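**Student:** Here is the input, now give the coordinates:
(4 chains)
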Protein chains: 2
Amino acid sequence: MSIRKNTQPRIRRTPEESRANILASAERLLTEQGPQTLRLADVAKEAGVANATVLHHFGTIDGVHTALMERMIAELVEKVMAIELTEDTEVSRAQALTTLFEAFEQKQASKLAAWLELTHQAGRLTNVRQVVRDVTRTKFHHQNVPEDVVEDVMLVCITLALGVGLFGQTLSEMLGKPPSRAKEMALSVLMLGLRQLEAERKG
Amino acid sequence: MSIRKNTQPRIRRTPEESRANILASAERLLTEQGPQTLRLADVAKEAGVANATVLHHFGTIDGVHTALMERMIAELVEKVMAIELTEDTEVSRAQALTTLFEAFEQKQASKLAAWLELTHQAGRLTNVRQVVRDVTRTKFHHQNVPEDVVEDVMLVCITLALGVGLFGQTLSEMLGKPPSRAKEMALSVLMLGLRQLEAERKG
DNA sequence: TTTCTTATCGACATTTTTGTCAGTAGCGCT
DNA sequence: AGCGCTACTGACAAAAATGTCGATAAGAAA
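**Tutor:** Here you go, the predicted structure:
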């Protein structure tokens, strides 16, 4: 006489699918609830699996954290590298900047960056320099501007994009303005500032 | 026959001193080790007191968090309000911006802000709007610029200051540049951009 | 000195979170 | 159908973190 536990039928995924499912849930938690909800039980529940299943695929909860960081970093890098800047007109530059801002906003890449910074894990971003170098060469090589000037400019753009991505919406709303106001203002100031910087270099 | 435990002599502080000591330790932990080290045992150890002592003064570990947030917020507000901008020349404006950047950098105010944002506690910053209003009125009332334009400008400045404060150093170093490079570049671009914005408004 | 208040502490209790393990069940293969 | 592999699970164990409590001692006041 066997006792029949009324459990749900199991969903059996490929290891890749299962890992992807768990990481997607973790990412949702990170961006919607904050890093402190990235606990074993929370992640497992969000993913709809048992705690032990998470550990089966990632070893420890820290393994989940690491894998999540790497996944999000890869996503972001891909997005940034995909930004088009074939010709450097005002219009195309504005578009590129807008895309950059959105890359740091969507998928909460800025939150990831802040998380890394606060947890002193920014060292994981080992390829930032390489990415910036690649972008400098591939997108700006047709300009006659020294590479380290381009890098300095990208430094400001990224810093501002991160600031806007992380704080823009909250700050805008705190001041009783539409949530995209910070982004818009940042874009304006950046465009004008960069134009002037360029003019100064030439003049 | 009494057993003499070899314990350190107790340090007895006033409640205010004790709270201050604990909060200072917590702040040190937050900025040097990250938010996840703001645990009861960590804070107590850093402050050199027993766990129970921390709870005696703050009730729960969350009480410590709250008190710390409030303390750091008050500090920051004080610093921002102290920024001088009597006359709006290029030089005085540059000084004011530099001071603003440093206010968000020192004492790790940007880390506090990121912590609040990530933990969805930004609502604690209830007086941001009031501070911005006050600054607008007291520091800019001599200008003939509409108040909400001033507010928009301050929005960009704060966003950028937060971005620089949180990510500036790390990003600069990742690109193989001196740690203050992001701040310097941000200042340049901001100054030029604001000047242009002003010119456009007038023209 | 003696008394009183209370900041402080160690020991313990409770709760939360992580990790282990042996057995179960889905699925492809023969 | 039967077999083998392994993703999956619940139950349990271990560790970590928070919080409670009675006793102690530092300092002020009588």
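**Student:** what's the helix or strand for the residue nearest to A:Ile158 when sequence neighbours are not counted?
**Tutor:** Leaving out its chain neighbours, the residue that sits closest to A:Ile158 by CB to CB, 6 or more residues apart in numbering or on different chains is B:Leu171, at 6.2 Å. C-beta: built from backbone N, CA, C; applies to glycine. Remark: B:Leu171 resides in helix B:169-174, with elements defined by DSSP states H and E.
**Student:** quick check: angle from the helix or strand just after that helix to helix A:181-202?
**Tutor:** Where DSSP H and E defines the elements, the next helix or strand beyond helix B:169-174 is helix B:181-202. Put simply, helix B:181-202 runs at 100 degrees to helix A:181-202, going by axes from the mean of the first three to the mean of the last three CA atoms, to 10 degrees.
**Student:** Just give me how far helix B:181-202 sits from the chain centre.
**Tutor:** Centroid separation between helix B:181-202 and its chain, computed with CA atoms, centre = their mean, to the nearest Å, is 23 Å.
**Student:** cool, stretch A:77-94 as well?
**Tutor:** Centroid separation for stretch A:77-94 versus its chain: 17 Å, with CA atoms, centre = their mean.
**Student:** measure the closest residue in space to A:Gly193 that isn't next to it in sequence to A:Met185 for me?
**Tutor:** Excluding its sequence neighbours, the residue lying closest to A:Gly193 (CB to CB, 6+ apart) is B:Gly193, at 3.2 Å. Look at B:Gly193 and A:Met185: by CB to CB, to the nearest Å, they are 10 Å apart.
**Student:** And the pLDDT for the residue nearest to A:Gly193?
**Tutor:** The model reports B:Gly193 with a pLDDT of 97.
**Student:** same thing with the one 10 residues further on?
**Tutor:** In this prediction, B:Gly203 carries a pLDDT score of 78.
**Student:** for A:Lys139, same thing?
**Tutor:** 80.
**Student:** Run through the residues that contact it.
**Tutor:** A:83, A:85 (CB atoms under 8 Å, 6 or more residues apart in numbering or on different chains).
**Student:** at 10 Å what do you get?
**Tutor:** Contacts for A:Lys139 (CB atoms under 10 Å, 6 or more residues apart in numbering or on different chains) come out as A:81, A:83-86, A:88, A:96, A:150, A:154.
**Student:** do the same with A:Gln106
**Tutor:** So, once contact is read as CB under 10 Å, 6+ apart, A:Gln106 ends up touching A:75-76, A:79, A:165.
**Student:** How about A:Val153?
**Tutor:** A:Val153 makes contact with A:136, A:140, A:145, A:190, A:193-194, A:197-198, B:185, B:189, according to CB under 10 Å, 6+ apart.
**Student:** Distance check, the residue of chain A found nearest chain B against DNA strand D.
**Tutor:** Nearest residue of chain A to chain B: A:Gly163, at 2.3 Å (CB to the nearest CB). According to CB to the nearest atom of the strand, to the nearest Å, A:Gly163 and DNA strand D sit 30 Å apart.
**Student:** The closest residue in space to that residue that isn't next to it in sequence: neighbouring residues, count only.
**Tutor:** In this structure, A:Gly163 finds its nearest non-sequential neighbour in B:Gly163, 2.3 Å apart by CB to CB, 6+ apart. Neighbourhood size, B:Gly163 [other CB atoms under 10 Å in any protein chain shown]: 29.
**Student:** What residues sit buried inside the least confident helix or strand in chain A by mean pLDDT?
**Tutor:** Lowest on mean pLDDT, DSSP states H and E among the helices and strands of chain A sits helix A:128-140, with a mean of 87. Neighbour counts over helix A:128-140 (16 or more other CB atoms under 10 Å in any protein chain shown) mark A:128, A:131-133, A:135-136, A:139-140 as buried.
**Student:** And the contacts of A:Lys139, which is closest to B:Ala103?
**Tutor:** Using CB to CB, A:Met154 comes nearest to B:Ala103 of the contacts of A:Lys139, at 25.7 Å.
**Student:** which residue sits closest to that closest one, ignoring its sequence neighbours?
**Tutor:** With sequence-adjacent residues excluded and distances taken as CB to CB, 6+ apart, A:Met154 is closest to A:Val132, at 5.6 Å.
**Student:** Ok, A:His120 next?
**Tutor:** Ranked by CB to CB, 6+ apart and with sequence neighbours excluded, the top spatial neighbour of A:His120 is B:Gly34, at 5.8 Å.
**Student:** do A:Glu70 as well
**Tutor:** Nearest residue to A:Glu70 in three dimensions, chain neighbours excluded: A:Arg124, at 7.3 Å (CB to CB, 6+ apart).
**Student:** sorry, back to before: which pair of the contacts of A:Val153 spans the longest distance?
**Tutor:** Between any two of the contacts of A:Val153 (CB to CB), the greatest distance is 19.0 Å, for A:Thr136 and A:Gly193.
**Student:** re earlier: just put the contacts of A:Lys139 in a markdown table and tack on distance to DNA strand C and secondary structure.
**Tutor:** Putting those into a markdown table (distance: CB to the nearest atom of the strand, whole Å; DSSP: H, G, I helix; E, B strand; the rest coil) gives the following:
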| residue | distance to DNA strand C | secondary structure |
| --- | --- | --- |
| A:Met81 | 33 | helix |
| A:Ile83 | 36 | coil |
| A:Glu84 | 41 | coil |
| A:Leu85 | 42 | coil |
| A:Thr86 | 46 | coil |
| A:Asp88 | 48 | coil |
| A:Ala96 | 40 | helix |
| A:Val150 | 42 | helix |
| A:Met154 | 37 | helix |
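**Student:** What is the nearest of these to B:Ala20?
**Tutor:** A:Met154 (42.8 Å).
**Student:** can you give me the strands for chain A?
**Tutor:** Remark: no strands are assigned in chain A by DSSP state E.
**Student:** Okay, domains of it per the record?
**Tutor:** Domain ranges of chain A: A:11-59, A:69-202, per automatic domain parsing.
**Student:** What residues does chain A have near DNA strand D?
**Tutor:** Selection of chain A residues close to DNA strand D by CB under 7 Å from any atom of the strand yields A:5, A:7, A:10-15, A:18, A:49-53, A:56-57.
**Student:** shaky segments in chain A?
**Tutor:** Low-confidence segments of chain A, defined by pLDDT under 70, are located at A:1-7.
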